[in-house]
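Asker: When you get a sec, could you give me coordinates for this:
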Amino acid sequence: MLTPPRWEAECRVMKHRLPTFESFAEPGVWAGFRGWFRGRRTGRVYEVIAQAPIRTYPSEEPAVYMSPHPEAHHWIRDGRLCYQREGHVWDPAADTFVQALMIAAKYLDEFDGRG
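Answerer: Predicted structure coming up:
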């Protein structure tokens, strides 16, 4: 379960690494961060959201959503980005929303303009 101290730590990390992203929460339901990445090839602006149910985070990794989708193949039916971590499994004690968003940034760097 997402505790107040963990949420405060997540917000500090986000402010340091991705300062333009804003936090949001629906008490008892969702928490996450919202911001924009610009595609390197196209210059297109993508809205990016990383969110997780408060009751399961950080035990479970946050979902990442992006609009528009730069291509059609890496998306789960509910609209989440489907990705694999290279040589790393989600570690609730060490990983944060920032890591999920950095994976999304890497994905966008690879697929922007190739859809």
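Asker: The residue lying closest to Gly35 once chain neighbours are set aside and Arg114, how far apart?
Answerer: With sequence-adjacent residues excluded and distances taken as CB to CB, 6 or more residues apart in numbering, Gly35 is closest to Phe21, at 3.4 Å. In short, each C-beta sits where N, CA and C put it, glycine included. Between Phe21 and Arg114 the computed distance is 25 Å (CB to CB, to the nearest Å).
Asker: between the two, who's got more neighbours?
Answerer: Phe21 (22 against 10; other CB atoms under 10 Å).
Asker: where's the more buried one relative to Pro4, distance?
Answerer: Using CB to CB, one gets 20 Å for the distance from Phe21 to Pro4.
Asker: Repeat that for Ser59.
Answerer: On the measure of CB to CB, Ser59 and Pro4 end up 17 Å apart.
Asker: Which one of those two is surrounded by more residues?
Answerer: Comparing Ser59 with Pro4 by other CB under 10 Å, the one with more neighbours is Ser59, at 12 against 7.
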